[in-house]
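Colleague: Quick one: sequence and predicted model below, then my questions.
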There are 4 protein chains.
Amino acid sequence: MDNRNRARMLISCPDQAGIVATVSQFLYEHGANIVQSDQYTMDPEGGMFFMRIEFDLAHLSELHPKLEQDFAVIADKFQMKWNIHEVSKKKRLAIFVSKEDHCLVELLWQWQAGDLDADIAMVVSNHNDMREYVEQFGIPYHHIPVTKDSKEEAERQQLAVVDGQVDVIILARYMQIISPKFLEHYANRIINIHHSFLPAFVGGKPYAQAYNRGVKIIGATAHYVTEELDGGPIIEQDVQRVSHRDEVDELKRIGRTIERVVLARAVHWHIEDRILVHQNKTVVFN
Amino acid sequence: MDNRNRARMLISCPDQAGIVATVSQFLYEHGANIVQSDQYTMDPEGGMFFMRIEFDLAHLSELHPKLEQDFAVIADKFQMKWNIHEVSKKKRLAIFVSKEDHCLVELLWQWQAGDLDADIAMVVSNHNDMREYVEQFGIPYHHIPVTKDSKEEAERQQLAVVDGQVDVIILARYMQIISPKFLEHYANRIINIHHSFLPAFVGGKPYAQAYNRGVKIIGATAHYVTEELDGGPIIEQDVQRVSHRDEVDELKRIGRTIERVVLARAVHWHIEDRILVHQNKTVVFN
Amino acid sequence: MDNRNRARMLISCPDQAGIVATVSQFLYEHGANIVQSDQYTMDPEGGMFFMRIEFDLAHLSELHPKLEQDFAVIADKFQMKWNIHEVSKKKRLAIFVSKEDHCLVELLWQWQAGDLDADIAMVVSNHNDMREYVEQFGIPYHHIPVTKDSKEEAERQQLAVVDGQVDVIILARYMQIISPKFLEHYANRIINIHHSFLPAFVGGKPYAQAYNRGVKIIGATAHYVTEELDGGPIIEQDVQRVSHRDEVDELKRIGRTIERVVLARAVHWHIEDRILVHQNKTVVFN
Amino acid sequence: MDNRNRARMLISCPDQAGIVATVSQFLYEHGANIVQSDQYTMDPEGGMFFMRIEFDLAHLSELHPKLEQDFAVIADKFQMKWNIHEVSKKKRLAIFVSKEDHCLVELLWQWQAGDLDADIAMVVSNHNDMREYVEQFGIPYHHIPVTKDSKEEAERQQLAVVDGQVDVIILARYMQIISPKFLEHYANRIINIHHSFLPAFVGGKPYAQAYNRGVKIIGATAHYVTEELDGGPIIEQDVQRVSHRDEVDELKRIGRTIERVVLARAVHWHIEDRILVHQNKTVVFN
């Protein structure tokens, strides 16, 4: 599909009458045709308003600066947080990974199959194990070891390689905690997959925790990373039924498939500009 | 919640630029505040456009006629099929049932619990079994027997009781085929629950069919009734895992819960004006 | 189905060679035909062994005492916890309920439809609201109010009505905490439905907790009640997808269907002797 | 885990009293310890009996011939179809594939990760596209083109490469119909993944069929291949919810993940001797 003239617009602002009319009128007057729009108001009386619009506009890239300039007036009036993203400008991903490779493999396979509309700019790992696998796809692999003492220096190196090269960071079973300082650079742009149905089983060894609690269903959670461990805005979750027969290793095996699917969905929604974050929650227009 | 000033608008028309802008501008100028809107375009180049808008308008019932009158001009220009429905004007339901009562019980329980925002105007049955159960809720019960020979006459009686009294007919395991003549009066307003995952197992005894085929998952399907048996636009489906251990009676038992849940969802979406029908498909804004 | 000669046997003991052979030989020599058997060994080297056998034996009720007497020798040798239950001897249920009626309604409907193979001996409630509804089924209704000060006395009254009359107690949204003293009388025979996907959202207002955390899936959990609040052995869980659009009331509405289904499954499995409890977990042979 | 002494036994025969006792006594007397057993009787009065036993036996490979020889007497008496399989003797798989690679990639990834306890003996394809990808795993790749005219000759070549080298054939989106002659050699040992929820959408282009019918859930089905197209015994099915927004390409994308998961489960269960086939159905002990 030719998507050179397709754009997406995300808006959040305090709700008031006339927003939809104003925005759609604006787009119409600028020659754009709305292809899809979603909106959600948290509470009609004085709540927050969220909107996602997908539109076609001839000569998009040429008209884009003017469009933003003109829209700024409206945005100002309604106190909007907003952005307009051209669909043809692919987002650049960095995938961070430690030793478990299933989430990385899934993303690379989807990308290679043409299902993931993004550029995988690099893979960053605290181990060297997957270099060969990654490099055969022509993707740069940065091995940045992390020890207790080298953590700060490691993050400096990580920032150096991603800075300006990467729009979103995917923690595809990357088992290191990200410091608040690092997070600042990528607020709501770092997606982690946690191997439990949050908020159950925060922290380490969630499958062992699940086994010990005797749950009948296990899950995985993709969320934006914040300073609170496993506490950031949830993007997507899914689950699978298990039984008393499934010991920890079997839970891990079943869980790997859930993790792959859940993380991939979250990444898709992020790169398709389907997610708005408000306080500690997501609005997902999917 | 006070919903006296809340309305819902459904629109379908050929897609073209400016629809969203025009409609939202119209509502804004008439003092309405859009609370939620959903839209879907089947194909941006020359396809169909579908929209659902929920809005608040002070003095709604008073202004409603004028609103419709003014909107007719726009509707005409865009060749729209459309309607505006006041949320406070509850839809009137007739529930048709034969001998299996689980779907009826579910709907009555939801209605009694205040979860079903509709009026249950009557229950119509070709048997007399559930009269006592139904009448204790204060709901009229019409026993209209159906035999091979009396079918035409029975439908005449049914039409006589529903005519002008009922907005939508729910076939809650009503095991008689509805004639094309009857269907004409309630096009896209008769909802049936079929006890299989359509289009698998069309027709009679679907659980026996499922057992014989050895499927590992069974389901139920709510759809609008058309002349083609079990072939109308699908509104909702759901499924449940089964195993070789589950014989036909067990499939029926499991299936009853799926049927109840699926039918109830479809009824909810219909009475909340969430469903648009195009050709043999539904667009469900849920 | 005539089930007068059908029995179920539950066994748990330390694993060792020869258990299955010994038990099945025993049954064969006593003229029984095994219809179904399930077994599970937690760890082949020195773990626990669990078994459920369903068998037919002509003149069962007459031979039952002798069967138990003879089996005691084997049970002793293998240090078994065990019981033999005649299928035709229905378990007697007490349903405890507070103000939310959906779980009670579900169980009564299944029971009335002949789907629940048990006797509902009584309904016990700290409110009087559902007396009329319950009594129309011919089921005794005990209204035993509970206040902070009367709690101990209330439990005494509850024990007085259930004692000797009831085999299992179902807390069908009964919102009072059961004291350790009461629990002693019904260890692993009190089933509670908790309206969250445990261990997430222990305690009060789980739907509000779920809404605040922004989860994308909600659930319900049926478990045996122990002294630890919402911490007893989990019998069954199920979930349903939700979205940012679902506010607390909508979560409650969706959750009610999950709660009903999950509790009903747990009750079925209990009365069909499908559940063995070991430490804080269940083995469910379903 | 050391599994040199672990074996699995599968039995099907007409039901009669004493089977479990006889078999378990036999194993006990031969020094085996039953680790897990499952059984299922289709109908206690004169139906079929199915059993799966997992047991440990010291010096298994040495004693295996004697065990089979001794068991033949019992098997004869009860008219059993049966086999005993040593867990350490991995089944040899051939994966047949055409152009869609997702199912192949999934199986290879699980195999490489150590999750698939089998040998992948070869990949056979009517195209040459995946040679490089497959050969990097050290797996032989046989490119055997198939045209209308060469079909018979192609199957001859396929049989030549698999004969004696392969225990089970996986059709991982292999888009050629297998002839009855070929099927004879691998009865109930060829597993196909069909990209619909059978029996809905038999034959070609199931996702287009699903789109046209407007279903709200799509699925995939793994089944043993028989002469009837897409009509063989179903091993496993799974589904995923879709909406009116999902056009055919999106259904395919969603479907690929279901296909991968469903096929992988079926392959696992086959290689773990969990599946018994009776007439056109499977008994799956999982």
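Modeller: Sure thing, it's come through. These numbers come from a predicted model, not from an experiment. Numbering: from 1, shown residues only, chains lettered A, B, ... in the order given.
Colleague: who in the stretch 151-286 of chain A is up against chain D?
Modeller: Proximity of the stretch 151-286 of chain A to chain D, by Cβ under 8 Å from any Cβ of the partner chain, involves residues A:253, A:256-257, A:261. The C-beta positions use only the backbone N, C-alpha and C, and glycine is treated the same way.
Colleague: Out of the residues you listed, which is nearest to chain C?
Modeller: A:V261 (13.2 Å; Cβ to the nearest Cβ).
Colleague: How is the closest one assigned, secondary-structure-wise?
Modeller: Of the three states, A:V261 takes helix under DSSP: H, G, I helix; E, B strand; the rest coil.
Colleague: pLDDT score assigned to it?
Modeller: For A:V261, the pLDDT comes out at 95.
Colleague: quick one: contacts for it?
Modeller: A:106, A:220, A:238, D:257 (Cβ atoms under 8 Å, 6 or more residues apart in numbering or on different chains).
Colleague: can you check A:V162 too?
Modeller: Here A:V162 is in contact with A:94, A:121-122, A:124, A:169 (criterion: Cβ under 8 Å, 6+ apart).
Colleague: Rebuild these as TSV, extending it with distance to chain B and secondary structure.
Modeller: Formatted as TSV, the contacts of A:V162 follow (distance: Cβ to the nearest Cβ, whole Å; DSSP: H, G, I helix; E, B strand; the rest coil):
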residue	distance to chain B	secondary structure
A:A94	33	strand
A:A121	30	strand
A:M122	34	strand
A:V124	38	strand
A:I169	32	strand
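Colleague: hmm, which helix or strand of chain A has the shakiest average pLDDT?
Modeller: Averaged element by element with mean pLDDT, DSSP states H and E, chain A has its least confident helix or strand at strand A:33-41 (a mean of 90).
Colleague: Not counting it itself, show me its contacts.
Modeller: Residues contacting strand A:33-41 (Cβ under 8 Å, 6+ apart): A:6, A:15, A:20, A:24, A:27, A:47-57, A:283, A:285, B:16-21, B:34-41, B:44, C:244-245.
Colleague: Okay, and which of the residues you listed map to helices?
Modeller: A:20, A:24, A:27, B:19-21 (DSSP state H).
Colleague: Would you point out the most distant pair within these?
Modeller: Farthest pair in those (Cβ to Cβ) is A:V20 and B:I19. Separation: 12.3 Å.
Colleague: who's more crowded, these two?
Modeller: A direct count of neighbours by other Cβ atoms under 10 Å in any protein chain shown for A:V20 and B:I19 places A:V20 higher, at 27 against 24.
Colleague: show me what contacts that one?
Modeller: A:V20 makes contact with A:39, A:51, B:20, B:24, B:28, B:34, B:37 under the criterion Cβ under 8 Å, 6+ apart.
Colleague: which of these lies closest to chain C?
Modeller: Nearest to chain C among the contacts of A:V20 is A:Q39, at 10.7 Å by Cβ to the nearest Cβ.
Colleague: distance of the closest one from A:D15?
Modeller: 10 Å (Cβ to Cβ, to the nearest Å).
Colleague: Please identify every residue contacting each of these two.
Modeller: In contact with both A:Q39 and A:D15: A:F49, using Cβ under 8 Å, 6+ apart.
Colleague: quick one: low-confidence ranges for the stretch 1-150 of chain A?
Modeller: Scanning the stretch 1-150 of chain A for pLDDT under 70 picks out A:1, A:44-46.
Colleague: Spell out which parts of it neighbour chain D.
Modeller: For the stretch 1-150 of chain A, the contact set with chain D under Cβ under 8 Å from any Cβ comprises A:101-102, A:105, A:109, A:113, A:115.
Colleague: redo that, cut-off 10 Å
Modeller: Those residues of the stretch 1-150 of chain A that sit near chain D, judged by Cβ under 10 Å from any Cβ of the partner chain, are A:1, A:36, A:100-102, A:105-106, A:109-110, A:112-115, A:133, A:136.
Colleague: Next step: those residues restricted to helices.
Modeller: Counting by DSSP H, the residues of the stretch 1-150 of chain A next to chain D contribute A:102, A:105-106, A:109-110, A:112, A:133 to helices.
Colleague: Which phi and psi values does the nearest residue to A:L198 once chain neighbours are set aside adopt?
Modeller: Leaving aside its chain neighbours, A:L198 sits nearest to A:T221 (4.1 Å; criterion: Cβ to Cβ, 6 or more residues apart in numbering or on different chains). Per-residue torsions, A:T221: phi -140, psi 130 (degrees, to the nearest 10).
Colleague: now A:I254
Modeller: phi -60, psi -40.
Colleague: what sits against A:A208?
Modeller: Listed by Cβ atoms under 10 Å, 6 or more residues apart in numbering or on different chains, the contact set of A:A208 reads A:201, A:248, A:251-252.
Colleague: mind running it again at 8 Å?
Modeller: Counted by Cβ under 8 Å, 6+ apart, A:A208 has contacts A:V248.
Colleague: Please settle this for me: is it part of a strand?
Modeller: No - remark: A:A208 does not belong to a strand; assigned using three-state DSSP, it is helix.
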